[in-house]
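# sequence first, then the predicted structure, then my questions.
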Amino acid sequence: MKIIKSPAEMQMAADALRSKASPLGLVPTMGALHDGHISLIKRAAKECAAVVVSIFVNPTQFGPSEDFDFYPRSLDPDLKICKDQKIAAVYAPSVEAMFEKGFDTWVEVPSLAAGLCGANRPGHFRGVATVVAKLISICRPERVYLGEKDYQQLVLIRRMILDLNLRVNVIGCSTVREKDGLAMSSRNANLGENERKRALSISRGLYKAQDLFVAGERKVSEFKKVVRKELKKADAEIDYIEVIDPDTLELLEMALDSSRMAIAAKVGEIRLIDNLPLKE
Ligand code: AMP
């Protein structure tokens, strides 16, 4: 397995891989790999002739008061995981290699970035879209694997790929959870024991919303009431609880069979997100 740090070297390696092995798959990550990431990597390995995993904690997607410095990093164990999954190359550039001196081009997807996580994280999706566009441009994969866990990101990257005519198929992968329902996230490593328990209120809220939907409820205000109660009980600080259209991310007042519920909340200092379709 190659460990590559520079864009020029990654471009050459990706060209070589593609000429021998097609399709080439890309799994973009910020590292601190867990079973959620591993599910993406495994799927890519199954469906592609060769796979590149990128590991880059992208400073441009963190706001000035966010947790860039405290974001978990574990390059050596991450490399071992990739090696075990028979990944062709890991691309782990430095910030300087990703954003060379004079860097001045940004990718914006303003409508899809405006609401949900974008409302309280200005600039977040601009940072995400720019780095994912660069990774696609460097590796030119035929397939890119993204998790539904970051649902707004998935929809926004699909739009960006269409709008920029990037020739890559997006494969959306379902969320991997702990046995008790907590969505796996690199940030979970920063939760204390008590916070870990309180964080469960998020997935519990989503499951309660699904139960309500099955029972025939369609009014979003009623879903929100139940989830808010669950989060408040756990003393989680609610950022948003919304029911959304899965393609446009439009906020809905009446739920449909296709709708998803999306939640963002802070437990202590840790901001967590999760989402599920209301109808499984
Ligand atoms: P991250 O390292 O958090 O930027 O995530 C890298 C990729 O893994 C993104 O496409 C995420 O949506 C995906 N991902 C993160 N957590 C999970 C999870 N629990 N299940 C499935 N995919 C995930």
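Received the coordinates, thanks. Computed from a prediction, not measured in an experiment: that's the story for all the values here.
# residue contacts, the nearest residue to residue 144 once chain neighbours are set aside?
Nearest non-adjacent residue to residue 144, counting by Cβ to Cβ, 6 or more residues apart in numbering: residue 26, 4.8 Å away. In short, each C-beta sits where N, CA and C put it, glycine included. Residues in contact with residue 26 (Cβ atoms under 8 Å, 6 or more residues apart in numbering) are 44, 51-54, 135-136, 139, 141, 143-145, 168.
# could you pull up phi and psi at residue 164?
With angles defined as degrees, to the nearest 10, residue 164 sits at phi -100, psi 10.
# check contacts around residue 188.
So residue 188 contacts 34, 182, 196, 199, 272 (Cβ under 8 Å, 6+ apart).
# go through the contacts of residue 26 and flag which are in strands.
Mapping those onto strands (DSSP state E) picks out 51, 52, 53, 54, 143, 144, 145.
# check whether the top helix by length along the chain comes near the ligand.
As assigned by DSSP state H, the longest helix anywhere in the chain is helix 193-214. No: counting by Cβ under 6 Å from any ligand atom, the ligand has no neighbours in helix 193-214; the shortest distance is 10.8 Å.
# so what's the gap between that helix and the chain middle?
19 Å (Cα atoms, centre = their mean, to the nearest Å).
# and the next helix-or-strand element following it, what's buried?
Proceeding N to C from helix 193-214, the next assigned helix or strand is helix 220-233, under DSSP states H and E. Within helix 220-233, the residues scored as buried using 16 or more other Cβ atoms under 10 Å are 220, 223, 224, 227, 230, 231.
# between helix 193-214 and helix 220-233, find me the angle.
160 degrees (axes from the mean of the first three to the mean of the last three Cα atoms, to 10 degrees).
# how about whichever helix or strand comes after helix 220-233, which residues are buried there?
Using DSSP H and E, the helix or strand that follows helix 220-233 towards the C-terminus is strand 237-244. Of all the residues in strand 237-244, those buried under the rule 16+ other Cβ under 10 Å are 238, 239, 240, 241, 242, 243, 244.
# show me how far the helix or strand following strand 237-244 is from its chain's centre.
On the C-terminal side of strand 237-244, the closest following helix or strand by DSSP H and E is strand 260-267. In terms of Cα atoms, centre = their mean, the centre of strand 260-267 is found 14 Å from the chain centre.
# within the sheet, what are the partner strands of strand 260-267, with directions?
Within its sheet, strand 260-267 is paired with strand 237-244 (antiparallel), strand 270-277 (antiparallel), according to DSSP bridges.
# contacting residues around the residue nearest the centre of the chain?
The residue lying closest to the centre of the chain (Cα atoms, centre = their mean) is residue 150, at 3.6 Å. Contact analysis of residue 150 by Cβ under 8 Å, 6+ apart lists residue 273.
# distance check, residue 119 against residue 263.
For residue 119, the distance to residue 263 (Cβ to Cβ, to the nearest Å) stands at 14 Å.
# got phi/psi on the closest residue to the ligand within the stretch 51-200 of the chain?
Going by Cβ to the nearest ligand atom, the ligand is nearest to residue 147 of the stretch 51-200 of the chain, at 2.5 Å. Backbone dihedrals for residue 147, given as degrees, to the nearest 10, come out at phi -90, psi 150.
# could you check the pLDDT of the nearest residue to it once chain neighbours are set aside?
Spatial nearest neighbour of residue 147, excluding adjacent residues (Cβ to Cβ, 6+ apart): residue 173 at 5.3 Å. On the pLDDT scale, residue 173 is placed at 98.
# tally of neighbours for residue 173?
When counting by other Cβ atoms under 10 Å, one arrives at 20 neighbours for residue 173.
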